[in-house]
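S.K.: Requesting a structural model of the entry that follows:
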Amino acid sequence: MDDNLHSPQRRLIELRIEHADLDSLIDRVAGEHSDDELAMRRLKKRRLALRDQIAKLETQLDPPEPA
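M.R.: Just a heads-up that it's a prediction; the model follows:
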C-alpha cells in the first residue's frame with residue numbers, strides 16, 4: 001500500500017492536478033487585470049517548472065522507442 005502513495009504514476013497525477021490548478025489561478029488573476037506582475041510571473045514560472053517535471057516523469061514512465 002505504501003508503494004502506491006509514492007509511485008511515479010501517483011506523482012504524475014499530483015503534478016497534473018497542481019498544473020491544472022495553476023492554470024485556473026492564472027486565468028482568474030489575468031481576468032481581474034491584477035497589477036501584481038511579479039506574482040503573475042512567479043505563478044507562470046511555477047507552472048512551467050511543473051510542466052517540465054511532468055514531461056520528465058512521463059519520459060521515465062514511458063521511454064521513447066528507439067528509431
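S.K.: Which pLDDT value belongs to S34?
M.R.: Looking at S34, its pLDDT is 68.
S.K.: Kindly report the same for L61.
M.R.: 87.
S.K.: Over to the one 4 residues further on?
M.R.: For E65, the pLDDT comes out at 73.
S.K.: Return the distance of it relative to T59.
M.R.: Look at E65 and T59: by CB to CB, to the nearest Å, they are 12 Å apart. All C-beta spots, glycine's among them, are computed from the backbone N, C-alpha and C.
S.K.: cool, E14 as well?
M.R.: E14 is 17 Å from T59, where distance means CB to CB.
S.K.: Over to H19?
M.R.: 16 Å.
S.K.: So for the two, which sits in the more crowded spot?
M.R.: More neighbours surround H19 than the other of H19 and T59, with 18 against 10 (other CB atoms under 10 Å).
S.K.: Which of the helices or strands spans that one?
M.R.: H19 belongs to helix 8-31 when assigned by DSSP states H and E.
S.K.: which non-adjacent residue is nearest L25?
M.R.: Counting by CB to CB, 6 or more residues apart in numbering, L25 lies nearest to L43, which is 6.3 Å off, once chain neighbours are set aside.
S.K.: Next, the one you found: secondary structure please.
M.R.: Per DSSP: H, G, I helix; E, B strand; the rest coil, the secondary structure class of L43 is helix.
S.K.: Show me what the helix holding H19 is in contact with.
M.R.: 4, 36, 39-40, 43-44, 46-47, 50-51, 53-54, 57-58, 60-61 (CB atoms under 8 Å, 6 or more residues apart in numbering).
S.K.: With stretch 46-62 instead?
M.R.: P8, Q9, R11, L12, L15, R16, E18, H19, L22, D23, I26.
S.K.: Now for these, which sits with the most neighbours around it?
M.R.: Result: L15 is most packed of those (other CB under 10 Å), 20 neighbours.
S.K.: What's the separation between the nearest residue to that residue once chain neighbours are set aside and P8?
M.R.: Nearest residue to L15, sequence neighbours excluded (CB to CB, 6+ apart): I54, at 5.0 Å. Going from I54 to P8 by CB to CB gives 11 Å.
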